[in-house]
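Engineer: generate coordinates for the sequence data below:
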Amino acid sequence: MVLNSLDKMIQLQRNTSNIRNICILAHVDHGKTTLADCLISSNGIISSRLAGKLRYMDSREDEQIRGITMKSSAISLHYEKDDQEYLINLIDSPGHVDFSSEVSTAVRICDGCIIVVDAVEGVCPQTQAVLRQAWLENIRPVLVINKIDRLIVELKLTPQEAYSHLKNILEQINALTGALFTSKVLEEWAKRETESQESSDSVPGDQVYDWSAGLEHTDDSHLYFSPDQGNVIFTSAIDGWGFGIEHFAKLYSQKLGIKTDVLLKTLWGDYYLNTKSKKIMKADQTKGKKPLFVQLVLENIWSLYDAVLKRDKEKIDKIVSSLGLKIGAREARHSDPKVQINAICSQWLPISNSVLDMVCQKLPSPLDIPAERVERLLCTGARTFDSLPPETQELKTAFMKCGSEDTAPVIIFVSKMFAVDAKTLPCNKPRPLTPEEIAQRREFARRRHAEKLAAAQGQMPLEPALVENASEICPKKEETKNDEQLTSPVESITLKPVMQEAEDKDSFIAFARVFSGVARRGQRIFVLGPKYDPAEFLQRVPLGFSASPDDLPSVPHMACCTLENLYLLMGRELEDLQEVPPGNVLGIGGLQEFVLKSATLCTSPSCPPFIPLNFEATPIVRVAIEPKHPGEMPQLVKGMKLLNQADPCVQVLIQETGEHVLVTAGEVHLQRCLDDLKERFAKIQISVSEPIIPFRETITKPPKVDMVNEEIGKQQKIAVIHQTKEDQSKLPEGVQVDADGLITITTPNKLATLSVRALPLPGEVTQILEENSDLIRSMEQLTSSLSEGENTQMIHEKTQAKIQEFKQKLEQNLQGRKWRNVVDQIWSFGPRKCGPNILVNRCNDFKSSVWQCLESKCIKEASKYRDFDNSIISGFQLATFSGPMCEEPLMGVCFVLEKWDLSKFLGQGATEKAEEELDRGETASDPSKPLGSPTEKEQFQEEYPETLEKRSKRKGEAFLADCYGPFSGQLIATMKEACRYALQVKPQRLVAAMYTCDIMATAEVLGRVYAVLSKREGRVLQEEMKEGTDMFIIKAVLPVAESFGFADEIRKRTSGLASPQLVFSHWEIISSDPFWVPTTEEEYLHFGEKADSENQARKYMNSVRKRKGLYVEEKIVEHAEKQRTLGKNK
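Structural biologist: Numbers count the residues shown, from 1 in each chain. Here you go, the predicted model:
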């Protein structure tokens, strides 16, 4: 097919019903980019011989070196079928787990996707992840089973075995789809049931629900992959061939005289052909009958490969002539059999035709966008579509209609910003010269040449008179021209750096899609931030507003900008466009100042921002960055801002210490970000710290067995008591500890006493708190607005129900005598008021709770403690933000405030008040003698020196009653210390971040994989053999702290036969005590007096303390048997 012109593409963009927006999704190395190459070659953009080798969509240098895709990139293709012309906007996405955020950006702007699965490896972890992402975004998938050639060449399967293997793969994928579908249906059914239960007046518990009832009534036949439905094709992208059963059904219907429809239904499945009666019958495997798919399809492909690989020239010629193909002499003589296979198969079963055919037939156009998807996109947070303003609900019809009229609102979603070199922009590209410009340049060159000759001849000394005459003869025009020529080099020298700077500068393009209306260049449009609320705008602006965007009142999280440049995305190239009709993918220039990572653009302010993108990978790998030359810090800051904008997943932070920290999803992602920073955005040399590994601190129940697994008896208890006595002696003066671990501490001015106890929270509670952090944050906002007396009728019923459900979950998991009424007494969460730790208030004098937002109004308690409750909460927040072990945040700890005594402080306040009244009474009794006069003052001072001194002191202390005065600061510090001491008297533990690790390896290298895992403190959870292959799938957990260099080490040790996928999973308590010392006789015998065998928890704790500059208790010289001096160096 010939390369299409830009005009052709613009024409195709207008026919919305024939547009297909698709992305290619798969596990890493399953052949996405090779498949994309094959499809691109069908449009003549690249040569078909280079398909699979060029990897056209991988435009970055590091992508080409590593051989993996690292970013989503789009290209527009033209496909013609049955007099219908289609525009296919194809997006190639990465398969590596570190770049799964790029998959999210691609999936959001597509209507369908191609799931690619390796025929040998089958369903892999990332296949499951991308299928889940496609499901969440409600886009329709089709399946490509790739690398069928590996079944023939590598595994050497027979056609019958290959058929069974392919059936297994299909079953696995359909099982995944079924699981996603079931969970969705059950969720909806449960919601419907609970709603009906709420509406009916029946007593709860009267009805018995059949949860499977929803599944019986819902049709799911269209969801599953099956070749007879036409949504599965079999390919070998590297060899350039692919087919759906439709191709063979048409072929054999002519040969066998059987209807195409019948063959379509029977070509896949256990059916066989009775050659005598020429009828298709249900196969009986026991009789050894071959299924139709094996007999009519696979055996032909196997025989072709067999002939080419064995170099059977006669057989090859026979196959080529029977298929009516023409093979070039170069391909026929070629020594590499792959070239011959490619030449034959790409003509016989062209992959691009089968894939694009399936895309056009089975995937929806932008006009077929499901109503459910539109509603989901428009509903941010916990809101439902019905609760949105009516103006917003009207936009649903614009989405569904995808109209291009002038009245239709323009709605564009920007899924990411990507940086391109300014040189590659269409406006900066060298354009072909016109004939007039060529003639001008030729004339200019001729004149320059003539002048050079004249200057060379004029080097000989001339007489002054002749020179004068020459100058007189020269016309003025020539003088001016010479002046121009003299100045032009200077101008060019000064202009060059400016031009160079402009060329070197990166330009940001928005990767977007038009959902409704026509996007035109120069159009004014609103940029809606993620927190924008259309209801707020509609309250401020009257109905039927007709003002221009610039005249509207300012609304939070809404800006107005102009669409400067619109581009057609063509892989590595960009083409200028004047307008883009609805349903198309496009690039937008000039949004760098308005959009950070993703945004919604709309001409109607009643449009809400789309729901945030759903990222599979969590950024967990942190490094601190600084420039090698301190003077280059501004470039680094600017570069990090640009990097933050260019990458959807990266996070850029400045810590309290002033460090610039980069947070990425994994090692490969980190390396890419650092390369970008050095070579592209900051363009400076940078120093990168060792990875900052996140830990958490917690406490546990006292252990029942010691380190040698002996039950803790009297001997141990005595030793522990001695140890605790020693520890208690370390506590500062004024801190009291009872046997239960209750800490009682007094403020420095001895006016208030606090009693705090620390308890470990059950694991389920910690998990619930982590999962509901957003809900806790919104509860905090509601409570603060209640206390400020604001109107909070905005609380939606659903949010209130969620808070109630969250409270019930906590009550279910916090049961027993120890936790009685604890949930109602929760005063705060921490750190940052939304973390996995709780503060419980058990003071009898003062009651305060986080559940105030569930009550209709805030009950303002006139309590003596009310002024200082914030000080206690602040102290708790500080304590949970940095624990005593290594200043890391706490996790899963409950602090109980048992007693809070302010009686001394209040007593002092009362005496002061009484004394003040007494003084006032004295002065009022004799008004004729004002104390203000100097003589009286002196006289009073002489008679009562002590009284005046006390009064001045009282004036200073009167400020203590203020809730922001010095006393509140002392309360904060005391509460923080009390929490820390309460932790230290309990068994402390470190909590490590854990990765789940999926490794695919062959049986030969299994031992080496286990060796690497055990060396790095990994723990194998599951090992299973993949059916039909010699591959094992190992599921393990690995601490993030041990994961750096893990992938490289596994590849080296297994010679590349095993490759791990690491995804952040959960937090896990490290069982060993970082402060453990041997106490019993058995422990002394087993570990020695020093117990200097490596303690993993202590190692981690000391490394964090060193990094933070805290004191580390360690020996500087470990082996000091012999010291050498410079003088006697033997």
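
Engineer: contacts only, for residue 556.
Structural biologist: Residues near residue 556 by C-beta atoms under 8 Å, 6 or more residues apart in numbering: 531, 532, 536. (Glycine included, C-beta is placed from N, CA and C.)

Engineer: from those residues, pick the one nearest residue 974.
Structural biologist: residue 531 (37.4 Å; C-beta to C-beta).

Engineer: which ones among the contacts of residue 556 are found in helices?
Structural biologist: The helices, defined by DSSP state H, take in residue 536 from these.

Engineer: need the contacts of residue 556 in TSV with pLDDT, can you?
Structural biologist: TSV is the format used below for the contacts of residue 556 (pLDDT from 0 to 100):
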residue	pLDDT
531	80
532	83
536	76
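
Engineer: now the contacts of residue 556: which count as buried?
Structural biologist: Buried subset of those (neighbour count, 16 or more other C-beta atoms under 10 Å): residue 532.

Engineer: please convert the contacts of residue 556 to JSON lines, extending it with distance to residue 158.
Structural biologist: Listed next are the contacts of residue 556 as JSON lines, based on distance: C-beta to C-beta, whole Å:
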{"residue": "531", "distance to residue 158": "60"}
{"residue": "532", "distance to residue 158": "61"}
{"residue": "536", "distance to residue 158": "67"}
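
Engineer: between the contacts of residue 556, which is nearest residue 732?
Structural biologist: residue 531 (46.0 Å).

Engineer: might one say that the closest one is in contact with residue 599?
Structural biologist: No. Contact criterion C-beta atoms under 8 Å: residue 531 and residue 599 do not qualify, at 11.6 Å.

Engineer: shared neighbours of these two, which are they?
Structural biologist: residue 609.

Engineer: what's the burial count for the closest residue to residue 627 other than its chain neighbours?
Structural biologist: Spatially, and ignoring its direct neighbours in sequence, residue 627 is nearest to residue 636 (4.8 Å; C-beta to C-beta, 6 or more residues apart in numbering). Neighbourhood size, residue 636 [other C-beta atoms under 10 Å]: 20.

Engineer: give the contact list for residue 636.
Structural biologist: 625, 626, 627, 660, 677, 682, 684, 686.

Engineer: sitting in strands, which of those residues do you find?
Structural biologist: Within those, residues falling in strands by DSSP state E are 625, 626, 627, 660, 686.

Engineer: okay if I get the residues you listed as CSV plus pLDDT and neighbour count?
Structural biologist: Shown next, in CSV, are the ones in strands among the contacts of residue 636 (pLDDT from 0 to 100; neighbours: other C-beta atoms under 10 Å):
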residue, pLDDT, neighbour count
625, 93, 20
626, 92, 16
627, 93, 19
660, 92, 18
686, 93, 19
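
Engineer: that older thread, ok, which pair from the contacts of residue 636 is furthest apart?
Structural biologist: Once C-beta to C-beta is applied, the contacts of residue 636 give 660 and 684 as the farthest pair, at 12.6 Å.

Engineer: and residue 985, how many residues sit next to it?
Structural biologist: 20.

Engineer: what segments of the stretch 351-500 of the chain are strands?
Structural biologist: 411-421 (DSSP state E, counting those that start in this stretch).

Engineer: bridging residues for the nearest residue to residue 843 once chain neighbours are set aside?
Structural biologist: Nearest residue to residue 843, sequence neighbours excluded (C-beta to C-beta, 6+ apart): residue 900, at 4.8 Å. Assessed by DSSP bridges, residue 900 has beta-bridge partners residue 754.
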